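Generate coordinates for the sequence data below:
(chains A and B)
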Amino acid sequence: MKIINLIRIAVRALQRNKLRAFLTMLGIIIGVGAVIAMVAIGQGSKKSIQDQLSSMGSNMITVRPNSNQAAGGAARLDASTVQSLTIDDIKAIQSQAQYINAVSPAVQGRGQAINGALNWPTTMQGVSPNFLDIRNWPLKEGVAFGNEDINGATKVCLIGQTVVENIFDPGDDPLGKTIRFNKIPFKIIGVLSEKGENAFGQDQDDIILAPYTTVQKRILAIPYIQTIYASSASSETSEPATQEISQILRSSHKLTNAEQDDFTVRTQAELINTFSSTSQLLTVLLAAIAGISLLVGGIGIMNIMYVSVTERTKEIGLRMSIGARGIDILMQFLIEAIVISITGGILGVLLGLLASKLITVFLSWPTLVSESSIVLSFVVCAITGIFFGYYPAQKASRLDPIEALRYE
Amino acid sequence: MEIHDLKREFKMGVEIVRALKGVSFSVEQGEFVTIMGSSGSGKTTLLNIIGCLDKPTEGIYLLDNVDVKRLSRNDLAQLRNRKIGFVFQAYNLLARTSAIENVELPLLYNSSISTHERHKMALKALEAVRLSDRLDHLPNQLSGGQQQRVAIARALVNEPVMILADEATGNLDSRTSYEIMALFQELNKQGRTIVFVTHEPDIAAFSGRTVTLKDGRVIKDSKNENVRSAKEVLAGLPIAEDY
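As a prediction, this is how the structure comes out:
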């Protein structure tokens, strides 16, 4: 028996009852469509949370000095007064690290920003140009300072939105103006875009950025740096990047194995993990609900195939009397079930894609259709067809041709 | 075809029903045999065995020199596919399936026949029953006589050694019955072996030989000296106005 003939027989049998075949398929269509759309919603929200987090600088790694347990139980010093981090550490990281995209030193001091009659207490942070990349922080207007400003310790600054609102009248263009910070004049060469509050309610826009050399020399009069900001290539590599920085700093600080780190490396990985696992749970729940509807669709196929076998007993008897073997009948009904489930699967995939698109367009929920969910639901469909089609098909193949022919 | 001392017993609960109690006869190639008998005579059981749908409990059945008793279920199916053509009382055509596709059906279960050959053979069979102008008609668009002719074409299409008809005229009016019998006689003249089961003596008169069964035994096996021609009978009938 040629398989092509069997497929022909099965397809012709289905064509004889198109409406029923379609209604049987409907269960599978809805099941597969639901799986794809639900997983797309879950994946989409996961992706959008990750994007939001990385726009907050989720790949950011922060290194602060750590005061060692002093010998003899002397009082430990506050981290900001420990002078263990230097510009040499930055150079070591830049030259040795593989997982680090960008690195910037940081020093900061509080003071009063003054523009004519207006003044505002704020923070000046001294950084390198890389800092804007690390924080994923574009400029609203103007340009960032460059390496020549770092080398020359020039008095230029980038100014945050909150500071602009407080020391400039509305409509005033701050670009090119000179303000004073702790009595030292700084020329504004760029305005930072608005970043809003961070996850802990701090206003991130209440800041002035300047070359770290300028802040070190003119504001703080210190040779060391207070903080190192770095970013890993992606949130996945933040773990190896953290270890890498630790190793580089330990060797650059010439720490022996017995000594503790004199610095602390922190990432926002915990935050990302929490959000990711939440949306992962959401995806699994949605997929489980959708999977149940696929199961119901499969049972629908089995139900209809059973009815079909009973209803077509006489046809089965006839086919057997003109030479169909048991296996031919089994294959015919099995192929009918598989054709129903696979056709249903294809239509279901299309429905799922359409539904995902509509959800994005009309509800503006982010959706992400993954190939794996399409492949998976397709495979599940074929298995459903074989699994739920087998028992009715076996029942048909075991009919006695004499009995079947006489069946009314 | 040769049958020797055929017995078939059924178990009905604890009782054993002996439907055939030793039947022997043979059918030569090219014969037109009717098997007669009232209900309960074992005629249906005999037909099932001849048609390879059932196997005898005892005795020998040789079809085209093949001992059927030794064959498996699948071998029997293949034997039915290649050597026997069935014609049923209720036609048993597939609904919503065109005449030509119905005729092609047995060939679909024969993997040695290509699509092209299959179509050609089905056309030939439909020509033989003079229905080549009704290829794409569905069964419900055909009259009873035409449906039975499609069924006969289906029985012919695999070039069987024997055509087995089970009350093939039972559902038809007498005029159409004669037409069908005329067709069978014509096929017989072309050399086909036909075994025709019926309970109507009227129909048996068209065959060359009649085997009569009663209570599971052959009580009469006689050559029919005076074969009626269905064509002549048809010609003698008044022309029906509604046909």
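
For chain B, which residues score under the pLDDT cut-off?
B:239-243 (pLDDT under 70).

all strands for it, in order.
With DSSP state E, the ranges of strands along chain B come out as B:2-12, B:15-26, B:32-36, B:58-63, B:66-67, B:84-87, B:162-166, B:193-197, B:209-214, B:217-223.

Partner strands of the fourth one, with direction?
Spelled out, it's strand B:58-63. strand B:2-12 (antiparallel), strand B:66-67 (antiparallel) (DSSP bridges).

Return the set of buried residues in that strand.
Neighbour-count burial for strand B:58-63 flags B:Gly59, B:Tyr61, B:Leu63 (criterion: 16 or more other Cβ atoms under 10 Å in any protein chain shown). The C-beta positions use only the backbone N, C-alpha and C, and glycine is treated the same way.

same question, the longest one
Using 16+ other Cβ under 10 Å as the burial criterion, the residues of strand B:15-26 that qualify are B:Ala19, B:Leu20, B:Val23, B:Phe25.

which of the buried residues of strand B:58-63 lies closest to A:Ala324?
B:Leu63 (18.8 Å; Cβ to Cβ).

Residues of chain B that sit close to chain A?
Selection of chain B residues close to chain A by Cβ under 8 Å from any Cβ of the partner chain yields B:48, B:51, B:53-54, B:73-74, B:77-78, B:80-82, B:86, B:88, B:92, B:94-97, B:101, B:105-106, B:108-111, B:154, B:158.

would CSV of the buried residues of strand B:15-26 with distance to B:Asp221 be doable?
Converted to CSV, the buried residues of strand B:15-26 look like this (distance: Cβ to Cβ, whole Å):
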residue, distance to B:Asp221
B:Ala19, 19
B:Leu20, 15
B:Val23, 10
B:Phe25, 6
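
Count residues in the vicinity of B:Phe206, would you?
25 (other Cβ atoms under 10 Å in any protein chain shown).

any idea how far the closest residue to it other than its chain neighbours is from chain A?
The shortest distance from B:Phe206 to any non-neighbouring residue, by Cβ to Cβ, 6 or more residues apart in numbering or on different chains, is to B:Met181 (4.7 Å). Going from B:Met181 to chain A by Cβ to the nearest Cβ, to the nearest Å gives 22 Å.

Nearest to chain A: which residue in chain B?
B:Asn81 (2.3 Å; Cβ to the nearest Cβ).

can I assume that residue is in contact with B:Leu108?
No - when contacts are counted by Cβ atoms under 8 Å, B:Asn81 is not listed as touching B:Leu108 (9.8 Å).

Let me see the contact set for the residue lying closest to B:Glu104 once chain neighbours are set aside.
Leaving aside its sequence neighbours, B:Glu104 sits nearest to B:Ala122 (Cβ to Cβ, 6+ apart; 4.5 Å). B:Ala122 is in contact with B:Ile100, B:Val103, B:Glu104, B:Leu107, B:Ala153, B:Val157, counting by Cβ atoms under 8 Å, 6 or more residues apart in numbering or on different chains.

Most neighbours among those, which one?
B:Val103 (29 neighbours).

coming back round to it: which one of the strands of chain B lies closest to A:Leu282?
Here strand B:84-87 is closest among these (Cβ to Cβ), at 61.2 Å.

Could you please name the strands that closest one pairs with and the direction of each pair?
In the sheet, strand B:84-87 lines up with strand B:162-166 (parallel) (DSSP bridges).
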